[in-house]
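Colleague: dropping the sequence and predicted coords here.
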Amino acid sequence: MSGVAAPEAGRAPVLGGPAAPAPGEVPLSVVTATFVRLKLSLLRNGVRQSKGRSAAFVGSIAVALLFGALGLLVMVALRGHEDGPAAGVVLALTIVLGWAFLPLFIGGADETLDPARLVMLPLRPGPLLVAQATAAVIGAGPLFTLLLLTGAVLPGTHGGGAVAVAVVAVPLTLVTCTTLTRTLATANAGLLSSRKGRDLAVLSGVVVAFGLQGINLAFASLADEDGEGLGPVAAVADVARWVPPLSAVDAVRAAGEGSWGFVAYGLGGTILLCVLLLRWWSRTLTRLMTAPDSSTLQPAPERAAGRTGPARGPAAWLPGGRTGTVMRRTLLYGWRDPKTKMGWAMSLGMGLLLPLVFAVQGNGSVYNACWVAALLGLTMYNQFGQDYSAFWLVAQTIGTTRDAYLELRGRALAIALIGVPFTCAVVTGSAAAFGAWDQLPDGLGLALALLGALLAVGAVTSARYPYSIPQDNAMKNVAPGQGALAWGSILGGMLAGGVLCAPLIALTVWGRASEAGWVWAVLPLGAGYGLLLAWAGLRIAAPMTVRRLPEIMAAVSKS
């Protein structure tokens with residue numbers, strides 16, 4: 001912000017023009033120009049990073065613009081279709097929801113989004129608001145949005161009046177979207193800069209992903225009932241078109257049909273919403289810049305003392321020694337670290353969701369519940385990469401094969417502590433939902449065997465193919481240059497897990513084909529086989545870990 005300078009002393013205000021800034025106050029034009037240069041510098045510096053990061057940055061911009069152009073072409077193709085305007089309203093709804101939530105997840109990528117970075121500057125809320133609003137419409141995101149919004153109004157643009165309304169509606173909707181983003185970011189500035197806020201953002205992203213899958217299933221069900229692919233779109237648009245700023249998009253269709261009353265409602269309602277958002281933004285920005293920062297306050301002595309001492313609650317049930325310590329540390333990582341928490345949430349959530357998706361698609365089976373074991377087993381992969389540069393603390397405590405074995409065993413037991421009961425619950429619930437109790441023993445046996453196999457393979461790949469998980473970027477789970485290593489270890493590990501379970505799978509298929517009465521024996525065989533595989537994998541990975549400690553440290557510390 002070196003470009004922000006105080007106005008020259010002694011300059012007289014211009015009569016009839018805007019009021020001169022108070023002494024020591026930075027002029028609005030200077031603040032706005034500085035924020036524009038800051039935003040352009042952020043975009044330019046994104047290309048000047050390391051080769052891997054530059055490629056990712058440029059690639060993300062190219063993909064965004066490509067999809068924006070494709071979306072525009074798709075909407076052009078819908079011109080003349082009776083449900084084309086409805087599809088435009090639903091597209092605008094998706095855009096508004098994206099602007100409302102996605103920047104909160106990736107706000108750290110834009111230093112002009114988080115006002116907590118700017119509160120120490122000598123700026124008043126009014127100029128800061130205008131400068132942030134101007135910077136918000138610069139970048140690949142606004143350009144991507146402009147392309148899609150242009151496409152959203154095209155199916156309903158018929159006649160000169162509709163074109164005139166579209167010229168107003170598109171930029172008005174874009175400004176409302178950017179204002180909504182900045183308003184929510186300012187209101188949640190404390191969360192954006194705290195660990196709990198980052199945790200909430202990660203988990204909210206998981207919830208949104210599951211919600212989108214649920215909406216997809218609902219749309220598919222409605223489409224099957226209606227017999228038309230755009231039937232659900234029209235049903236959603238009938239409700240959404242009355243909500244600003246979506247009403248501004250549908251006002252283009254109304255202008256083409258001569259419904260000028262709805263045009264006035266659509267544009268006026270969106271303008272009113274934008275004004276209300278600006279007022280809310282201004283109030284929260286003023287409060288943020290004047291209220292004390294609670295993060296600098298020291299905790300009460302009794303609360304700080306309560307955080308130390310012997311383990312209490314469920315942690316007291318863990319075994320003693322290094323195994324229990326490692327289990328507790330792994331479970332704390334899963335609860336406190338945002339990326340580890342996201343991995344656990346995705347594994348547990350998708351394990352519940354996939355059997356439901358198969359059931360809705362008419363392919364319901366108890367054996368589909370084996371997906372939960374596979375997803376939970378994948379959490380064992382790249383165990384040392386989850387520690388990032390702090391792995392050197394763990395490496396200093398590993399001097400023998402026994403130390404490495406106990407370290408890996410503690411991590412595997414922490415996963416099994418949650419994975420085994422959850423797998424049993426999902427498989428049993430699937431059997432109850434489908435009324436296939438006869439498939440419960442072999443289905444559960446296969447799931448437990450697969451979980452044990454992936455724990456074994458995950459231990460080996462953690463020692464043999466570790467990779468770094470960047471901690472300074474919420475959207476990257478692999479350091480540049482290690483993507484192929486990560487995908488190769490995961491895909492190869494899953495294939496190896498399937499091969500290890502092949503004897504049990506063949507036994508189950510043969511028993512079902514011959515309608516043998518001993519298929520129930522697959523349950524104890526699968527549990528024992530999975531336990532044996534996990535033990536063997538830990539025994540193989542332990543000496544490998546001791547030999548490769550320097551290589552593991554170098555791999556997981558790469559940024």
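Modeller: Looks like it arrived, so ask away.
Colleague: which secondary element of the protein has the worst mean pLDDT?
Modeller: Lowest on mean pLDDT, DSSP states H and E among the helices and strands of the chain sits helix 301-306, with a mean of 50.
Colleague: which helices and strands sit right next to the lengthiest helix in the chain?
Modeller: The residue-count maximum for a helix in the chain (DSSP state H) belongs to helix 401-434. With contacts taken as 3 or more CB pairs under 8 Å, 6 or more residues apart in numbering; DSSP states H and E, helix 401-434 sits against helix 321-336, helix 338-360, helix 370-377, helix 440-464, helix 522-547. In short, each C-beta sits where N, CA and C put it, glycine included.
Colleague: now the longest one: mean pLDDT?
Modeller: Here helix 522-547 scores 92 as its mean pLDDT.
Colleague: now the first one
Modeller: Model confidence over helix 321-336 averages 84 on the pLDDT scale.
Colleague: other SSEs contacting that helix?
Modeller: helix 338-360, helix 401-434.
Colleague: weakest of those helices by average pLDDT?
Modeller: helix 338-360 (a mean of 75).
Colleague: distance between it and the chain's centre?
Modeller: Chain-centre distance of helix 338-360: 13 Å, with CA atoms, centre = their mean, to the nearest Å.
Colleague: name the helices or strands packed onto that helix?
Modeller: helix 195-226, helix 321-336, helix 370-377, helix 401-434.
Colleague: buried stuff in that helix?
Modeller: Buried residues in helix 338-360, counted by 16 or more other CB atoms under 10 Å: 338-358.
Colleague: again with stretch 384-398
Modeller: For stretch 384-398, by 16+ other CB under 10 Å, it's 384-388, 391, 394-395, 398.
Colleague: possible to save these as a markdown table with secondary structure?
Modeller: Listed next are the buried residues of stretch 384-398 as a markdown table, based on DSSP: H, G, I helix; E, B strand; the rest coil:
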| residue | secondary structure |
| --- | --- |
| 384 | coil |
| 385 | helix |
| 386 | helix |
| 387 | helix |
| 388 | helix |
| 391 | helix |
| 394 | helix |
| 395 | helix |
| 398 | coil |
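Colleague: nearest to residue 498, out of those: which one, please.
Modeller: Residue 498 lies nearest to residue 385 out of the buried residues of stretch 384-398, by CB to CB, at 23.3 Å.
Colleague: hmm, the closest one is touching residue 556, no?
Modeller: Yes. Under the criterion of CB atoms under 8 Å, residue 385 makes contact with residue 556 at 4.7 Å.
Colleague: overlap in contacts of those two?
Modeller: 466-469 (CB atoms under 8 Å, 6 or more residues apart in numbering).
Colleague: if you rank those by neighbours, which is first?
Modeller: Tallying neighbours with other CB atoms under 10 Å puts residue 466 at the head of the shared contacts of residue 385 and residue 556, with 29 neighbours.
Colleague: what helix or strand is it located in?
Modeller: Here residue 466 sits in a region with no helix or strand, counting by DSSP states H and E.
Colleague: count of neighbours near residue 554?
Modeller: 12.
Colleague: what is the helix or strand where it lies packed up against?
Modeller: Here residue 554 sits within helix 549-556, counting by DSSP H and E. Packing partners of helix 549-556 (3+ CB pairs under 8 Å, 6+ apart): helix 391-395.
Colleague: ok, and what's touching the helix it packs on?
Modeller: 384, 387, 407, 549, 552-553, 556-557.
Colleague: quickly find the element holding residue 44.
Modeller: Going by DSSP H and E, residue 44 is part of helix 28-47.
Colleague: typo on my end, residue 498
Modeller: Per DSSP H and E: helix 483-500 holds residue 498.
Colleague: angle of the longest helix of the chain against helix 549-556?
Modeller: Interaxial angle of helix 401-434 relative to helix 549-556 (axes from the mean of the first three to the mean of the last three CA atoms, to 10 degrees): 50 degrees.
Colleague: helix 401-434 to helix 321-336, inter-axis angle?
Modeller: Using the same axes, to 10 degrees: helix 401-434 against helix 321-336 is 50 degrees.
Colleague: rewinding a little: now do the buried residues in the helix holding residue 498.
Modeller: Under 16+ other CB under 10 Å, the buried positions of helix 483-500 are 485-486, 489-490, 493-494, 496-497, 500.
Colleague: check stretch 528-544 too.
Modeller: 529-531, 533-538, 541-542, 544.
Colleague: what do you get for stretch 277-288?
Modeller: For stretch 277-288, the neighbour count (16+ other CB under 10 Å) marks 277-278, 280-282, 284-286, 288 as buried.
Colleague: out of these, which sit inside strands?
Modeller: Applying DSSP state E to those, no entry is found in strands.
Colleague: picking that back up, identify, from the shared contacts of residue 385 and residue 556, the entry nearest to residue 165.
Modeller: residue 469 (48.8 Å).
Colleague: ok, the closest one to residue 486 distance?
Modeller: Counting by CB to CB, to the nearest Å, the gap from residue 469 to residue 486 is 9 Å.
Colleague: likewise residue 509?
Modeller: From residue 509 to residue 486 the distance is 33 Å (CB to CB).
Colleague: same question for residue 259.
Modeller: Distance from residue 259 to residue 486, by CB to CB: 54 Å.
Colleague: so what pLDDT did residue 250 get?
Modeller: Listed pLDDT for residue 250 reads 91.
Colleague: circling back: any idea how far the helix holding residue 554 is from the chain center?
Modeller: That offset, for helix 549-556, works out to 28 Å (CA atoms, centre = their mean).
Colleague: for it, buried residues please.
Modeller: For helix 549-556, using 16+ other CB under 10 Å, the buried residues are 549, 552-553, 555-556.
Colleague: which one among the residues you listed gets closest to residue 422?
Modeller: residue 556 (27.5 Å).
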